[in-house]
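Asker: Need coordinates for the below:
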Amino acid sequence: MKKLHYIDGLRGIGALMVYLCHFVFAFYYGAYSLQPEHVHTASGLEILIGKSPLNLFYNGNFAVELFLVLSGFVLCLGYFSTGDRNRLRKGAAGRYFRLMPPVLLVNLLVWGLMRLGAYQNSLAAEAALSMDWFYGFNHFPPDLGEALVESLAGCFLWGSNAYNGVLWTMPYLFLGAWVVYLAAALVGENPLRYVAYVVMMATALVTNIYFTGVFFGFFVCDLVCTRTKWLSWYRKRQWLSWLFFLSGVYLASYPSIGTDMGGTIYAVLGVPRVVPYHLAGAGLILLGAVGNSFWQRVLGFKPLRFLGKISYSLYLIHFPVIATFSSWFFLKLQGKLGYHWTVGLDFILTTLLVLALSAAGQRYVEPLGNQMAQGLQRMMGKKTGRR
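Answerer: Below is the predicted model:
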């Protein structure tokens, strides 16, 4: 199947959003809380931005939903494109090894930085007025055994994330993938499989809504790869893909704080339901993108594809950098350049550092997981051959 560059672009946008989310929360917390006591501008600009669609640039909760939907979409692309069931077996067997090595390396780095006292987020939170969110991270004595358990098992099975807060999503990326592979293996060739997909999504909605995103992405992947007549019909109706995409952007930009949005463009949605709105937004954006050549070209822009390429490493490494380097730099310059100049310079340097570390992780660390997965697959292949 032809490389879907727009999927890489969407993944890159999601990774950038998560990074911006955590940086903004750390130093301009009022843009999330929407409370005057957290702002750093006389006009309360942070609150105005936070109540507008501009908050989409740092809407981390939506970005997570987007990651999960995209993950579900790409898991079975190879299978649905070729019909090769071996791809499912190989994918399931190698999933853990593809995810684990970067997690382990970053958690060991976090443990070492904590031992050295490099985490400055608590002090930075006091000066940045982000005590309600930024203060408590990694505020405990580091323990190597605990860090290893979290890295090797805890984050994947029950979302342990004491050392790196972003690891709470790992059960959805790991266990959710296994459910998808199993569903594809059991009903992937059955004409009535869409009933099973609906049951999967409905069950997830009432048990753990975040799995719904993974299952929905899987459902869309099946449609795109196997329902060519439907896809042709859909792509001829560009107005429909535009409607999906723009509606998705609207829902995606719903403020994550989940308070009353009366007086804003979100008032029509009524009671705040942040996760369902963001989940629907992610799903609609994916549906819009698969049927719209304009958005595919835009999202396939090379810088976005680069961000998509390094997105996993970026996702894992950015928060430790913010809690150490960014916080240290902010505290060193505090009161010397003015708050906004200090944070602006801090942001530029942090971004360069995060991108460099993410590129290095993608090039040198992530391949280790792929090599481990391929080694396991070869072993399984030999055993199968002997039988």
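Asker: so where's the chain uncertain?
Answerer: Applying pLDDT under 70 to the chain picks out residues 1, 376-377, 380-387.
Asker: Would you tell me which helix is longest in it?
Answerer: helix 86-115 (DSSP state H).
Asker: Downstream of it, the next helix or strand is which one?
Answerer: Later in the chain than helix 86-115, the nearest helix or strand by DSSP states H and E is helix 121-128.
Asker: That following helix packs against which elements?
Answerer: Applying 3 or more CB pairs under 8 Å, 6 or more residues apart in numbering; DSSP states H and E, we find helix 121-128 packed against helix 5-27, helix 131-134, helix 327-333. C-betas here are computed from N, CA, C, even on glycine.
Asker: For the second one, buried residues please.
Answerer: Along helix 131-134, the positions that meet the burial threshold by neighbour count (16 or more other CB atoms under 10 Å) are Trp133, Phe134.
Asker: Now tell me what touches it from outside.
Answerer: For helix 131-134, contacts defined as CB atoms under 8 Å, 6 or more residues apart in numbering pick out Phe25, Ala26, Tyr29, Tyr32, Ser33, His38, Asn121, Ser122, Ala124, Ala125, Ala128, Ala323.
Asker: likewise the last one?
Answerer: Residues external to helix 327-333 that are found in contact with it (CB under 8 Å, 6+ apart): 26-27, 118-121, 123-124, 127-128, 342-343, 345-346, 349-350.
Asker: Drop anything exposed from these.
Answerer: Among the contacts of helix 327-333, those buried by neighbour count (16+ other CB under 10 Å) are 26-27, 118-121, 124, 127-128, 342-343, 346, 350.
Asker: ok, those residues vs Ile317, which is closest?
Answerer: Thr350 (11.2 Å; CB to CB).
Asker: isn't the closest one right next to Ser326, touching?
Answerer: Yes: counting by CB atoms under 8 Å, Ser326 is a contact partner of Thr350 at 4.6 Å.
Asker: thinking again about what came up before, would TSV of the helices and strands packed on helix 121-128 with distance to Leu231 be doable?
Answerer: Shown next, in TSV, are these (distance: least, CB to CB, whole Å):
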stretch	distance to Leu231
helix 5-27	15
helix 131-134	43
helix 327-333	48
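Asker: out of the buried ones among the contacts of helix 327-333, who's nearest Arg11?
Answerer: For those, the nearest to Arg11 is Thr350 (20.9 Å; CB to CB).
Asker: if we can go back for a sec, list just the nearest of the buried ones among the contacts of helix 327-333 to Asn292.
Answerer: For those, the residue nearest Asn292 by CB to CB is Thr350; the value is 33.9 Å.
Asker: who's in contact with the helix or strand where Tyr197 lies?
Answerer: Tyr197 belongs to helix 193-207 when assigned by DSSP H and E. Identification of contacts with helix 193-207 by CB under 8 Å, 6+ apart yields 179, 183, 186-187, 190, 210-212, 215-216, 218-219, 222.
Asker: quick one, what contacts the residue nearest to Met170 when sequence neighbours are not counted?
Answerer: Among residues not flanking Met170 along the chain, Cys155 sits closest, at 4.3 Å (CB to CB, 6 or more residues apart in numbering). Listed by CB under 8 Å, 6+ apart, the contact partners of Cys155 are Val103, Asn161, Leu167, Trp168, Met170, Pro171.
Asker: List buried residues within those residues.
Answerer: Buried among these (16+ other CB under 10 Å): Val103, Asn161, Leu167, Met170, Pro171.
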